[in-house]
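Colleague: Sequence and predicted structure, then a few things I'm wondering about:
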Amino acid sequence: MNQTSNQKLNDKTWARWSALFVVAFTMMAAYYVNDIMAPLKSMLEGELHWTSGEFGFFTGAYSFLNVFLLMLIWGGLILDKFGIRFTGMLSAILMVGGTICEYAAITRFGGTEEMLFGYKLDVFMASAGYSVFGVGAEVAGITVTKIIAKWFHGKEMALAMGVQVALARVGSQVAYAVAIPVAKNWHLDTPLLIGAILLVGGLVSFLCFTFMDRKLDRQVTIDTSCGDDEKFSFKDVVAVVSNPGFWLIALLCVLFYSCVFPFQKFATELMVTKYNVSEDIAGTFAGLPALGALFLTPVFGGMIDRRGKAASIMMLGAFMLICVHAIYAIPFIHASWVAIILMIILGIAFSLVPSAMWPSVAKIFPVKQLGTAYALIFFIQNIGLWGIPALIGSVLENYCITGQEVVNGKTTNLYDYTLPMCIFTGIAILSLLVAFLLKSADKQYGYGLEKANLKK
Ligand SMILES: C[C@H](NC(=O)[C@@H](N)CCCCN)C(=O)O
């Protein structure tokens, strides 16, 4: 009896996993909205006359405020000052607001010739909305990590983090798979409208979480060891950035993710124009890495827990990425099966590296610096998520147009993707180099990245 009354809410398996699924739904909606416009690139070009440069500008806008107004850093501070409930609700509201602004831009002003600050009004407004959404999505990402740390402290924390990321990937895969069929059957803006509705659901579901979390906090002396330890402080910032391991992980993160997320945003068009994949299923192929990662990330995570070799695995993942992008760059290979196999290999690499990289951060930094380290790594990663899509979009627009085609009365450009794929290959080569340096640093500084996490 006594034992039952001392039991905290998160001691109950069903309660902590329910809490996880509730917040994971919010993140799933966020990943859906993050990726939903990417497969529609050609339709945006045909119907709203967006150029590739404008599409790249819009895609990179996700990270614009995070990078230039340091929103991830402020987000970390707000998280520590006002807590997970306030920050989670705030980020969900930002995501909904940003998405509504993006939706209004496309429906109300889509295809306009009006200009604002040198950009077409619809492009500018959609990008502004996506930028606000990006702040919400990234801050929600670090908030959810902290929620898991609190609710799963001393419990299945790594598994919970893996499950949360895997569920978020479902959102991405669904976005890639449904965007074109839904837009063709209804309207160009319908996939985004669905995203806005999902996000409102995500907001409500986060609200439900706040009630659970309040109940947990009311229960006797909740162990807040994750609280103070994870507070964002400028002393910790200095300690984190003075660690060579930080720069290597952050560099690997920005280079590796720059070859995956921004590539995926252009992959639907690559599938259609180079490999003659039908437009209706091209998005499903582009989303394959997310689907693969859904199943493989927990598998590889378990393997690394038992056998270690995280630094070697990051090198292997980076090497696989080079092969994938280099083969995509070969101009005379047009077989669709090659494109699919490469996407599957990319999916394996996309599972290997994150399942080795994120737990490695926890080995390099003490618990009290982990929140700071993750926020700073996300910040540096966002520089790539902003710059690379803008670069690829501009390269496509200026150097890669090979002709035009008219489909259903709408004119779209045809592109040669050789140069963009060479750029992705170059970035992947740099990521292998950094992974190699990380492995050497591991030997030099004894981070223990090659060691198993589970003690035998
Ligand atoms: C966990 C990790 N998340 C991130 O890296 C985010 N900063 C960016 C998410 C962008 C989603 N398209 C991941 O998803 O592996």
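Modeller: Received, thanks.
Colleague: Please make it C-alpha for all contacts and neighbour counts, starting now.
Modeller: Fine.
Colleague: Just after the helix or strand bottoming out on mean pLDDT in the chain, pick out the following helix or strand.
Modeller: Every helix and strand in the chain was compared by mean pLDDT, DSSP states H and E; the lowest is helix 225-229, with a mean of 48. Next along the chain after helix 225-229, taking DSSP states H and E as the criterion, comes helix 234-241.
Colleague: can you tell me the helix or strand for the residue of the stretch 301-450 of the chain found nearest the ligand?
Modeller: Relative to the ligand, the nearest point of the stretch 301-450 of the chain is F378 (4.9 Å; C-alpha to the nearest ligand atom). In this structure, F378 sits in helix 367-399 according to DSSP H and E.
Colleague: pLDDT of that helix, averaged?
Modeller: Taken as a whole, helix 367-399 carries a mean pLDDT of 91.
Colleague: Repeat that for stretch 425-443.
Modeller: Here the average pLDDT along stretch 425-443 is 97.
Colleague: Show me which residues of the stretch 1-150 of the chain are close to the ligand?
Modeller: The stretch 1-150 of the chain has residues 31, 34, 138 near the ligand, with proximity defined as C-alpha under 6 Å from any ligand atom.
Colleague: And those residues, which is closest to N276?
Modeller: Among these, N34 lies closest to N276 (C-alpha to C-alpha), at 25.7 Å.
Colleague: Now the closest one: which helix or strand?
Modeller: helix 13-36.
Colleague: what helices or strands is the helix or strand L94 falls within leaning on?
Modeller: Assessed by DSSP H and E, L94 sits inside helix 71-109. Applying 3 or more C-alpha pairs under 8 Å, 6 or more residues apart in numbering; DSSP states H and E, we find helix 71-109 packed against helix 13-36, helix 121-151, helix 190-218, helix 367-399.
Colleague: how about those helices in TSV, adding mean neighbour count and distance to M357?
Modeller: Compiled in TSV, the helices and strands packed on helix 71-109 are given as follows (neighbours: other C-alpha atoms under 10 Å; distance: least, C-alpha to C-alpha, whole Å):
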stretch	mean neighbour count	distance to M357
helix 13-36	22	20
helix 121-151	25	15
helix 190-218	19	28
helix 367-399	21	11
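Colleague: Now V406, what are its backbone angles?
Modeller: Here is the backbone geometry of V406 (degrees, to the nearest 10): phi -110, psi 120.
Colleague: Buried by neighbour count: which residues of stretch 293-309 qualify?
Modeller: Within stretch 293-309, the residues that count as buried by 16 or more other C-alpha atoms under 10 Å are 293-305, 308-309.
Colleague: Need the CA coordinates for that stretch. CSV is fine.
Modeller: Extracted in CSV, the C-alpha atoms of stretch 293-309 (Å, rounded to 0.1, in the frame of the first residue of the first chain):
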residue,chain,number,x,y,z
ALA,A,293,15.6,4.7,-40.4
LEU,A,294,12.3,4.0,-38.7
PHE,A,295,13.1,0.3,-38.4
LEU,A,296,16.9,0.3,-38.5
THR,A,297,17.8,3.1,-36.0
PRO,A,298,16.6,1.1,-33.0
VAL,A,299,18.3,-2.1,-34.4
PHE,A,300,21.7,-0.3,-34.9
GLY,A,301,21.3,1.5,-31.6
GLY,A,302,21.0,-1.8,-29.8
MET,A,303,24.0,-3.2,-31.7
ILE,A,304,26.1,-0.2,-30.7
ASP,A,305,24.9,-0.5,-27.1
ARG,A,306,26.2,-4.1,-27.0
ARG,A,307,29.3,-4.0,-29.2
GLY,A,308,30.4,-0.3,-29.4
LYS,A,309,32.4,0.8,-32.4
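Colleague: Show me what the host helix or strand of G46 is packed against.
Modeller: Element membership for G46 (DSSP H and E) is helix 41-48. With contacts taken as 3+ C-alpha pairs under 8 Å, 6+ apart, helix 41-48 sits against helix 52-68, helix 244-275, strand 410-415.
Colleague: between these, which gets nearest to Q7?
Modeller: So among these, helix 244-275 is nearest, using C-alpha to C-alpha, at 38.2 Å.
Colleague: For the closest one, give the mean pLDDT please.
Modeller: On average, helix 244-275 scores 95.
Colleague: just stretch 131-148 next, same as before
Modeller: Rounded mean pLDDT across stretch 131-148 is 94.
Colleague: could you turn that stretch into PDB, dropping everything but the C-alphas?
Modeller: Taking C-alpha atoms only, stretch 131-148 is exported to PDB below (Å, rounded to 0.1, in the frame of the first residue of the first chain):
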ATOM      1  CA  SER A 131      11.100  30.000 -40.600                       C
ATOM      2  CA  VAL A 132       8.800  30.500 -37.600                       C
ATOM      3  CA  PHE A 133       7.700  26.900 -37.900                       C
ATOM      4  CA  GLY A 134      11.400  25.900 -37.900                       C
ATOM      5  CA  VAL A 135      12.000  27.700 -34.600                       C
ATOM      6  CA  GLY A 136       9.100  25.900 -33.100                       C
ATOM      7  CA  ALA A 137      10.200  22.500 -34.500                       C
ATOM      8  CA  GLU A 138      13.800  22.800 -33.400                       C
ATOM      9  CA  VAL A 139      13.000  24.100 -29.900                       C
ATOM     10  CA  ALA A 140      10.300  21.300 -29.600                       C
ATOM     11  CA  GLY A 141      13.100  18.900 -30.600                       C
ATOM     12  CA  ILE A 142      15.300  19.900 -27.600                       C
ATOM     13  CA  THR A 143      12.300  20.100 -25.300                       C
ATOM     14  CA  VAL A 144      11.200  16.600 -26.100                       C
ATOM     15  CA  THR A 145      14.800  15.400 -25.400                       C
ATOM     16  CA  LYS A 146      14.500  17.000 -22.000                       C
ATOM     17  CA  ILE A 147      11.100  15.500 -21.400                       C
ATOM     18  CA  ILE A 148      12.400  12.100 -22.100                       C
END
